[in-house]
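A.B. asks: Quick one, what's the 3D model for this:
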Amino acid sequence: MVLLVLMLMLVLVLVLVLVLVLVLVLVLVLVLTSTAHTTCTGHKMEEVQARYFFVGVLLALDRLHSLGYVYRDLKPENVLLAEGGRVQVSDFDLAISHRTPTSLSDYLLLILK
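C.D. replies: Residues are numbered from 1 along each chain as shown. Alright, predicted model coming up:
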């Protein structure tokens, strides 16, 4: 019985990882092929810049996931390009917590949410 539960959990994790990879590939394709999205100065983004910002989005999502949050509203309008080359993710209305808080910082994050 325990083995069955572990196998089901493994399948669920693999499905979630596959969905995340597909979403990230879709975002990369949208960023690289879109002519509508430009930088702050109005110029089209070069492929190298798009890859840099894509990695920034990946790191932001990884950080949110490590804090226990699932970001469920990933779209180009919610990715902000700050001065200095930083990537910021906005619009956390649909974000949910996927774990029980275990430390003081986790509780503070939930209170300030």
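
A.B. asks: List phi and psi for the closest residue in space to residue 78 that isn't next to it in sequence.
C.D. replies: Excluding its sequence neighbours, the residue lying closest to residue 78 (Cβ to Cβ, 6 or more residues apart in numbering) is residue 91, at 4.6 Å. In short, each C-beta sits where N, CA and C put it, glycine included. When quoted as degrees, to the nearest 10, the phi and psi of residue 91 stand at phi 70, psi 80.

A.B. asks: The one 5 residues further on now?
C.D. replies: Listed backbone geometry of residue 96 is phi -130, psi 160, with angles given as degrees, to the nearest 10.

A.B. asks: and the residue nearest to residue 78, what does it touch?
C.D. replies: Taking Cβ atoms under 8 Å, 6 or more residues apart in numbering, we find residue 91 in contact with 73, 77, 78.

A.B. asks: Now flag whichever of those is closest to residue 87.
C.D. replies: Set against residue 87, the nearest of the contacts of residue 91 by Cβ to Cβ is residue 78 (11.0 Å).
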